[in-house]
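Engineer: Pasting the sequence and the predicted coordinates here, then a few questions.
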Amino acid sequence: MPVSNHDIDTLIRDLSTARLLADVRNEYAPGDANNAIRRANLRLYLREMAAREPTTLLVMEAPGYRGCRLTGIPVTSRKVLLEGVPALRIFGAESGYRDVADAGFERVYGEQSATIVWGALAQLGALPMIWNTFPFHPHQAGSPLSNRKPRRAETEVGAVFLERVLSLWRFRQVAAVGNVAYQALGDLGAPCRKLRHPAHGGKNDFVAGLSALLSVGA
């Protein structure tokens, strides 16, 4: 049975009301007009994933300040969101996705990981679903334009949402992109393959692993 709009709306509502520490940004929280745009972007993305019924899930680590923190969509920068990925017929302002840049983030447009991931997927002609182990932006205290690795307690919070995604979409295969995702999926008892994270010189290994994973399609 396809994932329903009600399932998606409930998931986004629960993301928006999650209580987090001061050095974590909930980019979906109520009471902020920009967050409302991010919720709408995520809703549109998840509805596309429900319609397309992908058989593969890529689990990333957490939103970065150059990507999901601004757009609301995992490993998706403003550049990818607005310009779209024509080869995969996804994103783009013409498809209803909306841009947003909070004060201080106006000059943040692209993100290395987003460029690598979506570029590789476009070349492979594959569209898996993408989710984050911890779906909120962890940053250094007092420095919102920064990233940090999510703590174990935070990945446990994220596991609640990850488990829901796994139960709603019945994926044929799951890939953990990096150590954080691999550990979280292992804790859930979810079978997965591990891929190298594309950041910090991991691009070639990531692309090779992704190509092998998706050789039968996504």
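Structural biologist: Looks like it arrived, so ask away.
Engineer: which residues sit against stretch 15-22?
Structural biologist: With contact meaning C-beta atoms under 8 Å, 6 or more residues apart in numbering, stretch 15-22 is reached by 26, 28-30, 35, 39, 42, 135-136, 141, 154, 157, 161. Where you see a C-beta, it was placed from the backbone N, CA and C, and this is true even at glycine.
Engineer: Tabulate those (JSON lines), appending secondary structure.
Structural biologist: Compiled in JSON lines, the contacts of stretch 15-22 are given as follows (DSSP: H, G, I helix; E, B strand; the rest coil):
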{"residue": "N26", "secondary structure": "coil"}
{"residue": "Y28", "secondary structure": "coil"}
{"residue": "A29", "secondary structure": "coil"}
{"residue": "P30", "secondary structure": "coil"}
{"residue": "N35", "secondary structure": "helix"}
{"residue": "R39", "secondary structure": "helix"}
{"residue": "L42", "secondary structure": "helix"}
{"residue": "P135", "secondary structure": "coil"}
{"residue": "F136", "secondary structure": "coil"}
{"residue": "A141", "secondary structure": "coil"}
{"residue": "E154", "secondary structure": "helix"}
{"residue": "V157", "secondary structure": "helix"}
{"residue": "F161", "secondary structure": "helix"}
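Engineer: what's near enough to touch H197?
Structural biologist: Counting by C-beta under 8 Å, 6+ apart, H197 has contacts 60-61, 113, 177-179, 206.
Engineer: Taking those residues, tell me the two that lie furthest apart.
Structural biologist: By the measure C-beta to C-beta, S113 and N179 form the most distant pair in those, at 14.9 Å.
Engineer: All the strands of the chain, residue numbers only.
Structural biologist: Secondary structure of the chain by DSSP state E: the strands cover 24-25, 56-60, 129-132, 137-138, 173-177, 193-195.
Engineer: right, and G84 touches G96 too?
Structural biologist: No - judged on C-beta atoms under 8 Å, G84 makes no contact with G96 at a distance of 11.1 Å.
Engineer: Between these two, which has more neighbouring residues?
Structural biologist: G84 (18 against 11; other C-beta atoms under 10 Å).
Engineer: Next, find the distance separating the more buried one from P63.
Structural biologist: 20 Å (C-beta to C-beta, to the nearest Å).
Engineer: Next, work out how far apart the residue sitting furthest away from the middle of the chain and A50 are.
Structural biologist: Centroid-distance maximum for the chain: G142 at 23.7 Å, with C-alpha atoms, centre = their mean. Plainly put, G142 is 38 Å away from A50 if you go by C-beta to C-beta.
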